[in-house]
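K.L.:
Whatever this is, show me its structure:
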Amino acid sequence: MGYEERFNQHIEEWINHCNTPKVRLSAKFFLEALDCEAYKNIVSMGPSILPFIRKMYNRSAGIHDLPPDKFLKTIEEIEQKGLSLKLSDYELSLALVKDCLTNLVIEIVGDNFKVPEDIIYDPYLRGEYTKRWLEENTTG
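P.N.:
Residues are numbered from 1 along each chain as shown. This is a model prediction of the structure:
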């Protein structure tokens, strides 16, 4: 199995972990998402997987990929039309994994990657910052 295939296998294991009640129903779901063997296996793969992490941002988590203002506007429009929004468990779990990618990069590269304090608690801006950093600092 190639390195990228192994990475993708661990990502799928991580997404499955994030779909468990232990994670989904926890008040500390973000910390629970990081507490799994698949995540640890990904970290142990080291800096050579950074281009694969960047590719993860291209995977669609549906409506969760929208900036906050567009996300809220889309939900409002759906509700105004009397429609219901059905998100798959997979999309929800993938969205959580994508929210955790910044942490993954921090664990792999350490002090070489710092997220500005004014965006650290905004998942959308944090993700955009991480994507840009990965594009500027990796090849692949």
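
K.L.:
Can you tell me the centre-most residue of the protein?
P.N.:
Lys98 (0.8 Å; Cα atoms, centre = their mean).

K.L.:
Which helix or strand contains it?
P.N.:
Using DSSP states H and E, Lys98 sits within helix 89-109.

K.L.:
What of Pro116?
P.N.:
Assigned by DSSP H and E, Pro116 falls within no helix or strand.

K.L.:
quick one: Phe30 and Thr102 touch, right?
P.N.:
No. If you go by Cβ atoms under 8 Å, Phe30 and Thr102 don't touch, sitting 11.0 Å apart. All C-beta spots, glycine's among them, are computed from the backbone N, C-alpha and C.

K.L.:
The residue nearest to the centre of the chain and His17, how far apart?
P.N.:
Applying Cβ to Cβ, to the nearest Å, the value for Lys98 to His17 is 14 Å.

K.L.:
In three-state terms, label Ile119 for me.
P.N.:
Recorded secondary structure, Ile119: coil (DSSP: H, G, I helix; E, B strand; the rest coil).

K.L.:
residue contacts, it?
P.N.:
With contact set as Cβ atoms under 8 Å, 6 or more residues apart in numbering, Ile119 has these partners: Leu125, Arg126, Tyr129.

K.L.:
Return the helix or strand in this protein with minimum mean pLDDT.
P.N.:
Within the chain, no helix or strand scores below helix 68-80, which has a mean of 66 by mean pLDDT, DSSP states H and E.

K.L.:
Mind checking which of Phe30 and Thr102 has more residues around it?
P.N.:
Legend: neighbour count by other Cβ atoms under 10 Å for Phe30 and Thr102, higher for Thr102 (21 against 15).
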